[in-house]
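**Student:** Prediction below, plus the sequence it came from.
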Amino acid sequence: MQARLSSATDLTGFRNEARELLAHQVPPDQVHWETQQAVDTDLFAGPAQGSDQVRTSKGIPRAATAIVPASFLRLCEVVVLHSDPQRFSLLYRLLWRLVHEPTLRNDPIDPDMLLAQQMAQAVRRDLHKMKAFLRFRQVPDDERPGEVLHVAWFEPAHHIVEAVAPWFARRFAGMHWAILTPERSVRWDGEKLAFGPGGSRDDAPPADAGEDLWLTYYRSIFNPARLNLPQMRKEMPRQYWDNLPESKLIGELAAEANERSAAMIEQPAQAPQRRIPRPVADDPVVTLKQDGIHSLADLKAATMRCRECPIGELATQSVNGEGRLHAPLMLVGEQPGDQEDLQGHPFIGPAGKLLDRALEAVGVPRDAVFVSNAVKHFKFELRGKRRIHKSPTQREAAACLHWLEDEIVLVKPKALVALGATAARSLMGHAVAVTAERGKWLERADGLKVLVTLHPSALLRLQDADREEGFAAFVADLKKARAFLDKHA
Ligand code: URA
């Protein structure tokens, strides 16, 4: 007996055929299951076509309904996505046996049931890997001049494209994207999903500029002392490496890991070199606001000595803002990080690189703006030899506020950009719900406008799947600052 299904994942068709076969007492070993290839002409031409259409190959009237546990139906939903051509035979055999062998429901080690569960597990793993390891690259969108289309190539092990596409549509709702796989492809235009035939790796775009940034970040967070290759291979099996830009770094980083960790162990504890001048008897710790500040150099000298909160005591040096006086826009972060503290310049570590990349994306050169921080010293916690960033408390940020206000008075920007919650609170004088207010212009009591957005470090902490979208939203926020510059510069 032939049972024909309209596509590789035609669950509705399977249910209808199985119901009829069962009603006509057709045993599983007499059924041959056949699936048709999904027929789509063009990925970019219109909505998904006719999956789940019922073909009644036997022309016999529908008969009685088989009562099976709901858990079996849920199992079928997942197992039909498996690539094993025998999946429908297995499911029909299980259905047959559930009806004819009531004890099967309570047999935890039945080989057919175990096999189906393993197949479901493999499909779930494949779904998870596709969500975690798919990487979009940008290409100009032929259908929308001036806009980008995000395109990704992926090779799933099972027939999961239709099942996973709604997840990507929810996750990247605001982007236009297409996912190409050898078997199916899908495109999202911001409103609906359109499925089409498969493609080849050559249809996918080559690496784009965003990838360099990601590689720089990956290299900077790679900790050789924590390298565990078996665990890494388990989490990120080799079959996905071709699609992962960071995979080309892994061999090199792994090869030098032993040497690098040995060198780290050999090194004496790294006490940052202290450059803060000790206060002398007639040069008391600065406590008076704006005491004698006439220039950025005065401000630097004063913040170097500042001990109005405990952070300054441990930092290497104060890190003040940099850029030109009268820059129309001043960007304010939280506090210098490890690299900034050692080198004495703001936003030069991974967060700074991301900021630079975003500024580049909106066409604002970094030297056209003034970049600073709400807090002028690096607050950290020593863990072993590593200095781990700690957010400043409200009290610490408040103690530093007058230095930031001095900087604003000296630089005289036309508008401010608050990067994250600490900066927003310092600049506005009250807590700001950054997620709700991002992309909006607020106004300070002195009339200066403040554009609120996320801190670039928050983007670096995002999961792979979210990073692209997060970066795009950050750039969209900064575009508003650019629009302001165009109007007022
Ligand atoms: N994060 C900040 O807020 N400022 C810097 O300068 C670097 C990282």
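**Tutor:** That came through fine.
**Student:** Model confidence at the residue of the chain found nearest the ligand, what's the number?
**Tutor:** Closest approach between the chain and the ligand, counting by CB to the nearest ligand atom: residue 333, at 2.7 Å. For glycine as for every other residue, the C-beta is placed from the backbone atoms N, C-alpha and C. pLDDT recorded at residue 333 is 98.
**Student:** ok, how many other residues are close to residue 404?
**Tutor:** For residue 404, the neighbour count with other CB atoms under 10 Å is 24.
**Student:** Go ahead and confirm it touches residue 370.
**Tutor:** No: using CB atoms under 8 Å, residue 404 is not in contact with residue 370, being 11.6 Å away.
**Student:** tell me which residues of stretch 239-251 are tucked away?
**Tutor:** Judged by neighbour count using 16 or more other CB atoms under 10 Å, the buried positions of stretch 239-251 are 240-241, 243-246, 250.
**Student:** how many neighbours does residue 28 have?
**Tutor:** Going by other CB under 10 Å, the residues that sit close to residue 28 add up to 19.
**Student:** Surely it touches residue 91?
**Tutor:** No: distance between residue 28 and residue 91: 9.5 Å, which falls outside the contact criterion (CB under 8 Å).
**Student:** and residue 149, helix, strand or coil?
**Tutor:** For residue 149, the secondary-structure state derived from DSSP: H, G, I helix; E, B strand; the rest coil is strand.
**Student:** Report the contact partners of it.
**Tutor:** With contacts defined as CB atoms under 8 Å, 6 or more residues apart in numbering, the neighbours of residue 149 are 138-143, 176-178.
**Student:** From residue 356, how far out is it?
**Tutor:** In this structure, residue 149 and residue 356 are 25 Å apart, going by CB to CB, to the nearest Å.
**Student:** what bits of this protein have low per-residue confidence?
**Tutor:** Per-residue confidence of the chain (counting by pLDDT under 70) places the weak regions at 37-65, 209-210, 213, 269-291, 489.
**Student:** and it, which residues reach the ligand?
**Tutor:** On the criterion CB under 6 Å from any ligand atom, the ligand has as its neighbours in the chain the residues 333-337, 340, 346-347, 349, 351-352, 373, 457.
**Student:** about what we covered before: mind putting the buried residues of stretch 239-251 in CSV, secondary structure included?
**Tutor:** Compiled in CSV, the buried residues of stretch 239-251 are given as follows (three-state DSSP):
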residue, secondary structure
240, helix
241, helix
243, helix
244, coil
245, coil
246, coil
250, helix
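**Student:** and which of these is nearest residue 119?
**Tutor:** Nearest to residue 119 among the buried residues of stretch 239-251: residue 240, at 20.0 Å, using CB to CB.
**Student:** hang on, isn't the closest one packed against residue 129?
**Tutor:** Yes: under the criterion of CB under 8 Å, residue 240 makes contact with residue 129 at 6.2 Å.
**Student:** Give the buried residues for the longest helix belonging to the chain.
**Tutor:** The helix spanning the most residues in the chain, taking DSSP state H as the definition, is helix 464-488. Of the residues in helix 464-488, those with enough neighbours to count as buried (16+ other CB under 10 Å) are 465, 467-482, 484-485.
**Student:** rewinding a little: the residue of the chain closest to the ligand: neighbour count?
**Tutor:** Other residues near residue 333 number 27, with proximity taken as other CB under 10 Å.
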